[in-house]
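Participant: Pasting the sequence and the predicted coordinates here, then a few questions.
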Amino acid sequence: MTSNRDTGESRPARLDRITSGNAQLDDILSGGFPSNSINMLMGEPGSGKTILAEALIFANASVGDRPILYLTTLSEPLEKVVRYLQQFSFYDEEKLMSGAIRYESLGEELAQTGVGALVPRLREAIKTMSPKIIVIDSFKAIHDLSTSLPEMRKMLYEVSGLLTAYEVTAFFLGEYSDDQVSLFPEFAVADAMVELARKKQGTRDERYLRVLKLRGSNYQEGLHAFRITQGGLDVFPRLTSPDIPLRYTANNDRLSTGVTGLDKIMQGGVWAGGATLLEGPTGAGKTTLALQFILEGLKRGEPGLYVNFQENPTQLARSIESLGWNFEEAQRKGLHLLYASPVEL
Ligand SMILES: Nc1ncnc2c1ncn2[C@@H]1O[C@H](COP(=O)(O)OP(=O)(O)O)[C@@H](O)[C@H]1O
Ligand SMILES: [Mg+2]
């Protein structure tokens, strides 16, 4: 609680957050997931839910603090889980061995007792270990066992009551489809919802994530691309228009194009800070002129970045040498090449 300066009353502090284990996702969420909340991570099989949750628990676990409980509906032996986790850079054996992170399976009880198995198990876990975070992977699997909507609602009512009373932050994972979001009661109790998906882009698949709900806070809307790497999710928040100041002073400096005749025609060259389109058919000299511009900059101590989707670095080096430069020397003077194969574009 913080004190309100004007009235002296106290009011709830700004929403406390916990890190998602991913700096970019934290930015998209305006600081992370809300703590003491229920968060849904949804998406088709293989979309990255489990990896996201695992990166999150390793980022939040610390020895000596309240533990983190990972409840799975599968009956996988811990060795198998560990073997899979070991490939990721966020894996920390100490956090598992010390009990800061505990993996437990719900599979058997669910198979025997159905949905009713969850609440007693949660109550027991909360009493004995007081976890600060509980992950249920997959909550959809539990939903699938429910025999009626009233049963599901009653269970959710009890679960959210328990979690709130003991200040637990929960993450429910599941293979939900879009239409289930408006139908299933677990989404009504959720404070935050993040969807992970894959989209076909030509012959490639592209992964993206989207925040569907974040109670009490704004967030960056839209589709954010990501890839899965050894470090977990690597998120690329979507581009948004930068704030442009109402008034600023444009630079009137000219930069030499590296071609004397062209500089004369263009009153000294191109504007610094400007963008110039060089267009022409194959063999017209676009690459040569662009290279002359970059090399002229190098002569004046200005580093240059050449982004290329056509010639690879070896082919470009040949063009640079034919302009009378040594390729290594150009690189020493600040030439940077960024090459992406057109196939991947
Ligand atoms: N080290 C890795 N590098 C790149 N991709 C990986 C790596 N490990 C797993 N993946 C990808 O992650 C996906 C599985 O993600 P996962 O979190 O298990 O999905 P979900 O829980 O949503 O079913 C797999 O499809 C696989 O392609
Ligand atoms: Mg999974």
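Facilitator: The structure has been received and is ready for your questions. If you're wondering where the values come from, they're calculated on a predicted model, not measured in any experiment. Ligands and ions are numbered 1, 2, ... in the order given.
Participant: Which helix or strand contains the residue of the stretch 51-200 of the chain found nearest ligand 1?
Facilitator: Among the residues of the stretch 51-200 of the chain, residue 51 lies closest to ligand 1, at 3.7 Å counting by C-beta to the nearest ligand atom. Any C-beta I mention is one placed from the backbone N, CA and C, and that applies to glycine too. Element membership for residue 51, per DSSP states H and E: helix 49-60.
Participant: can I get the CA coordinates of that helix in CSV?
Facilitator: What follows is helix 49-60 as a C-alpha-only set of coordinates in CSV (Å, rounded to 0.1, in the frame of the first residue of the first chain):
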residue,chain,number,x,y,z
LYS,A,49,3.8,-22.9,-24.1
THR,A,50,5.9,-25.3,-22.1
ILE,A,51,9.2,-23.7,-23.0
LEU,A,52,7.8,-20.2,-22.1
ALA,A,53,6.6,-21.5,-18.7
GLU,A,54,9.9,-23.2,-18.0
ALA,A,55,12.0,-20.1,-18.8
LEU,A,56,9.6,-18.2,-16.5
ILE,A,57,9.9,-20.5,-13.5
PHE,A,58,13.7,-20.7,-13.8
ALA,A,59,13.9,-16.9,-13.9
ASN,A,60,11.7,-16.6,-10.8
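Participant: name the helices or strands packed onto the helix or strand following it?
Facilitator: Per DSSP H and E, the first helix or strand lying C-terminal to helix 49-60 is strand 68-72. Judged by 3 or more C-beta pairs under 8 Å, 6 or more residues apart in numbering; DSSP states H and E, the packing partners of strand 68-72 are helix 49-60, strand 101-105, helix 118-129, strand 133-137.
Participant: To residue 287, which of these lies closest?
Facilitator: helix 49-60 (41.2 Å; C-beta to C-beta).
Participant: And the contacts of the closest one?
Facilitator: With contact meaning C-beta atoms under 8 Å, 6 or more residues apart in numbering, helix 49-60 is reached by 18-22, 25, 33, 41-43, 68, 70, 85, 88, 90-92, 95, 101, 132-133, 135, 137-138, 171, 173-174, 194, 196, 228, 231-233.
Participant: now it, how far from the chain's geometric center?
Facilitator: Centroid separation between helix 49-60 and its chain, computed with C-alpha atoms, centre = their mean, to the nearest Å, is 12 Å.
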